[in-house]
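Asker: Curious how this folds, go ahead:
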Amino acid sequence: MTAHPLPRAFLRIAAPAAFTVASLRYALDWWATDLSLWFGVYYVMPIVLAYAIARGTLDSVRWRPLLLALLIVALAGWTIPNILAYTTAQFQGWQLGRFSPERGPALADTTLTKLAAGTLVGIVTTLPGLLWLLSFTALFRWIRSRFGSGDSTRTAS
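Answerer: Numbering: from 1, shown residues only. Below you'll find the model as predicted:
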């Protein structure tokens, strides 16, 4: 059984990009809450994926290590930043934008429940983030294999 390494070239681009965008959104939560709803990793990561796939960075990467790499990107772009943002919102008493009671958890009463609420949102948002990344990766790899210069389906396992 041969080991298939993680696509480090992709991770050097995607994980910092996801964390940077999420951090900028966190800053917007403090100063321009209305703008933060229109800025985030859901909009930027497809561009990063399209760039990486167009360059052929992921052509020879099998699906199993690619899935692990996408999970790392989801942790950097969704889990960690959302734990920070939603925990901050709990302690600051934010109830607008993405922190409104209709969109997120209600404000908790104790320190422990505030920490738990923010952490839970961060953990739960990992799955949609991972599915988002996986969907666009599959789409862009398929497009590249059909119309581009690479054959992404040949190495998929």
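
Asker: List the residues that contact residue 11.
Answerer: Listed by Cβ atoms under 8 Å, 6 or more residues apart in numbering, the contact set of residue 11 reads 69, 72-73. Placement of C-beta: from N, CA and C, glycine included.

Asker: In strands, which of these fall?
Answerer: Nothing among the contacts of residue 11 maps onto strands, per DSSP state E.

Asker: I'd like the residues you listed as TSV, with neighbour count appended.
Answerer: Below are those laid out as TSV (neighbours: other Cβ atoms under 10 Å):
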residue	neighbour count
69	22
72	16
73	27
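
Asker: closest to residue 30 among the residues you listed?
Answerer: Among those, residue 73 lies closest to residue 30 (Cβ to Cβ), at 24.5 Å.

Asker: so that closest one makes contact with residue 14?
Answerer: Yes: taking contacts as Cβ atoms under 8 Å, residue 73 lies within contact range of residue 14: 4.7 Å.

Asker: joint contacts of these two?
Answerer: Common neighbours of residue 73 and residue 14 (criterion: Cβ under 8 Å, 6+ apart): residue 45.

Asker: Put the alpha carbons of the top helix by length along the chain into CSV.
Answerer: Longest helix of the chain, by residue count under DSSP state H: helix 8-31. C-alpha atoms of helix 8-31 as CSV (Å, rounded to 0.1, in the frame of the first residue of the first chain):
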residue,chain,number,x,y,z
ARG,A,8,1.0,20.7,-0.2
ALA,A,9,1.2,23.2,-3.0
PHE,A,10,-2.6,23.5,-2.8
LEU,A,11,-2.6,23.7,1.0
ARG,A,12,0.0,26.5,0.9
ILE,A,13,-2.5,28.5,-1.2
ALA,A,14,-6.0,27.4,0.0
ALA,A,15,-5.6,27.2,3.8
PRO,A,16,-4.1,30.7,4.3
ALA,A,17,-6.6,32.1,1.7
ALA,A,18,-9.5,30.7,3.6
PHE,A,19,-8.2,31.8,7.0
THR,A,20,-7.5,35.3,5.7
VAL,A,21,-10.9,35.8,4.2
ALA,A,22,-12.6,34.5,7.3
SER,A,23,-10.4,36.8,9.4
LEU,A,24,-11.4,39.8,7.3
ARG,A,25,-15.0,38.8,7.7
TYR,A,26,-14.4,38.7,11.4
ALA,A,27,-13.1,42.3,11.3
LEU,A,28,-16.1,43.4,9.3
ASP,A,29,-18.3,41.9,12.0
TRP,A,30,-16.9,44.5,14.4
TRP,A,31,-17.1,47.5,12.1
